[in-house]
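Student: Fold the following.
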Amino acid sequence: MNTGLFNPNAYRLAQYLGDTDIRFIVMFGGSSSGKSYAVAQMILLCAYLDNDSALVLRKVGASISKSIYEDFKRAARQLGLADKFKFQLNRITCNLYGAHIDFSGIDDPEKIKGISSYRRLVLEELSEFDLQDFKQLRKRLRGRSGQQIICTFNPIKETHWIKREWLDNEQWTTLEQGDVEFAGKRIAAKFAEVKSLRINAAKDIINPRTGEVERHAPDTIIIQSTYLNNFWVVGSPNGRYGYYDEQCIADFERDRLHDPDYYQVYALGEWGHIRTGGEFLPAFNVGTCCAENLYDPTLPLHVCMDSNVLPYVTITLWQKRYRDGDGVSVMQVGELTCEAPDNSARKAAKRLADHLRGLHYTDKVYLHGDASGRAANTIDENNRSFFDIVIDELQRDGLQVEDRIGRKNPSVALTGDFVNAIWDGRVDGVELLIDTACVTSTADYQAVQKDDNGGMLKTKVLDKTSRLRYEPHGHITDTMRYIVYDLLREHYTAYTMGHKRAVYADDALRYYNPAGGFLYSRRVAYIVAEHQRAWAFCVVGRVGDRWHVLRAEERDAIDPEELEKVISGIEADDYALECAASYFDMARRLRSKLGNLAVRKPSADARASIKATSAWVRDHVYFNADAPAEQATFVASLLDVTDTSPTTASAVCMSGLARYIIRQG
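Tutor: Model (predicted):
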């Protein structure tokens, strides 16, 4: 057989296809490394020479015909075996023995029920599969000696389940890459060298029949490769075959200089993140924003927490260092993601205390975080807030804690702009660094997307265990925003004054203490049925010439029937509903239920209306200083409105409320 037809990936794959101890062969790395083509070559040879059948799967079956199936057809022609196989839709059959190679997507469950008859299972682009997909496929391939699962993918992001739930749970040993026996020939190591070759460790298992402990041999091989291991990109070592693709090389070099994150994954074949163009933090770059070993035991620790319990309670650790002159560095020096069963205030605080003991840290802890975590917690028997419990637990562990948690969260859009400006070098004297050990934080900063208002797009997913919906990304980024706002307040104020000016400045809103026992002469509820795919309402109570915000919420848009139920549950003396004509039927029904309901059409110029009423709001409206989470979200959305940003439902609601009260007198 002509060995000049093969790449190092093919030789290394062939080395382990006949090893009955090896269950999993993981082939990952950069693009243009020849992974998929090597798999096609070897699976065809196994069908032709050994009568071994295989099933090739992708996440979606529709992507089969234009991708991996074409690799198999091309490989068969190159190997001179095209006449030995019959090519049908989603099946290739060997004419000699009848071995077949089937192609399917796991979106066709009927095709993958009976996979135990196959010798090999190929999972192409494994990164597109879910963890549950992989678990089910592993269990179904059984009943024959030497069955194997071959996986190919590009290492997209550090937090992917492939890494966190599988590969990181094994102990790996790097193997020496020596010569390879292939087709009766000895292939020199230089022709079979990939970027790295690793094998997992042996482990003890219990034989369920005898009850005895047995030693299970290493069963997983990782073959990591890059374009430098593809002879049809860089040419063969002896220069006798392959192809030197100068344009391909130049393209990778362009990525190295201008898009290091992309280069990390698709050229170097390392775990990373690929930009989509809609990132909330587009200026974040691992190469320039991260550094090693940033923790300084001589500096105080600032701890920032987010109180969401899914996917975890978030804790990030920070330090602030003053440099020569007026320079200042804010550094993230640690992270804790407290997943179940540690995702409660008390258990997360214990994790934090243990972590600080591990650092031998005994000085004061400066606690920052999500303002909504100040709200009373009905789960706690004493109605204490999330942060009340955290502080109590830390103090029980002998730590001094200084509460620096704000009464309101800063504007999402403006703090995002400010952080990007720091990383772009547009804020003189300010440096923001992330320790390279904070891999989950890094992944979050890379993954969070921007919404239409310049804030964070927090898409919700369903937790399959608790059946609760949660936001998988953005919580760590929130803690970073809070800490930057708290530790760089003067720089932040100067930046926002000179750039996008908020209509409602952070320091301009007024607050009241709800423990004051106020008597309200009138309660008004203003509801915005729909604005920018969201709706909002605000209930205020009158005290003299002031109006206290009693309830305020902004939510994603819901259907009119559900909205009608929510509005029906709002208690007030007067109601005003701002809505389009499509909501008039709902408004008529609400008027019969609530009595005093005024219906108003949306303002023709929402931005002008917001600006015109902002001074009245600042002078007359007071927000709850111990606001629940819903009101904190409302205020954050209100603060996101700048001279140039899109308007938000909360700002439109507050503007409409102001106009309604002013006209009513």
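Student: Helices of the stretch 301-450 of the chain, start to end?
Tutor: Using DSSP state H, counting those that start in this stretch, the helices of the stretch 301-450 of the chain run over 345-358, 386-396, 412-423, 439-447.
Student: Low-confidence bits of the stretch 551-665 of the chain, can you list those?
Tutor: Along the stretch 551-665 of the chain, the parts satisfying pLDDT under 70 run over 627.
Student: returning to what we had before: which among the helices of the stretch 301-450 of the chain is found nearest to residue 77?
Tutor: helix 439-447 (40.7 Å; CB to CB). Every C-beta, even on glycine, is put in place using the N, C-alpha and C of the backbone.
Student: Measure how the closest one sits relative to helix 412-423, angle-wise.
Tutor: Following axes from the mean of the first three to the mean of the last three CA atoms, to 10 degrees, one obtains 110 degrees for the angle between helix 439-447 and helix 412-423.
Student: Other residues contacting helix 439-447?
Tutor: 157-159, 261, 273, 275, 279, 281, 284, 286, 290, 316, 332, 335, 337, 434, 436, 473-477, 480 (CB atoms under 8 Å, 6 or more residues apart in numbering).
Student: How about residue 205, nearest residue that isn't a chain neighbour?
Tutor: residue 216 (4.7 Å; CB to CB, 6 or more residues apart in numbering).
Student: Does that neighbour touch residue 201 like I think?
Tutor: No: using CB atoms under 8 Å, residue 216 is not in contact with residue 201; the gap is 9.9 Å.
Student: one step back: residues near the residue nearest to residue 205, how many?
Tutor: For residue 216, the neighbour count with other CB atoms under 10 Å is 13.
Student: Could you do residue 35 as well?
Tutor: Neighbour count of residue 35, defined by other CB under 10 Å: 30.
Student: phi, psi of the residue nearest to residue 205?
Tutor: phi -90, psi 120 (degrees, to the nearest 10).
Student: So what sits opposite it in the bridge?
Tutor: For residue 216, the beta-bridge partners are residue 203 (DSSP bridges).
Student: now the helices of the stretch 301-450 of the chain in TSV, with mean pLDDT?
Tutor: As requested, the helices of the stretch 301-450 of the chain are exported to TSV (pLDDT from 0 to 100):
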stretch	mean pLDDT
helix 345-358	95
helix 386-396	94
helix 412-423	91
helix 439-447	90
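Student: Residue 41 is nearest to which of those helices?
Tutor: Across the helices of the stretch 301-450 of the chain, closest to residue 41 is helix 439-447 (CB to CB), at 34.4 Å.
Student: thinking again about what came up before, selection in ChimeraX covering whichever of the contacts of helix 439-447 are buried, please.
Tutor: Written as a ChimeraX command, the selection of buried residues from those, which uses 16 or more other CB atoms under 10 Å, is:
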select :157,158,159,261,273,279,281,284,286,290,316,332,335,337,434,473,474,475,476,477,480
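Student: Am I right that residue 280 is in contact with residue 478?
Tutor: No: the criterion here is CB under 8 Å, and residue 280 misses it with residue 478 at 10.7 Å.
Student: Common neighbours of the two, please.
Tutor: By CB under 8 Å, 6+ apart, the residues touching both residue 280 and residue 478 are residue 456.
Student: just the strands in the stretch 451-600 of the chain please.
Tutor: With DSSP state E, counting those that start in this stretch as the criterion, the stretch 451-600 of the chain has strands at 456-457, 461-462, 469-470, 510-512, 523-531, 534-543, 546-556, 574-578, 597-600.
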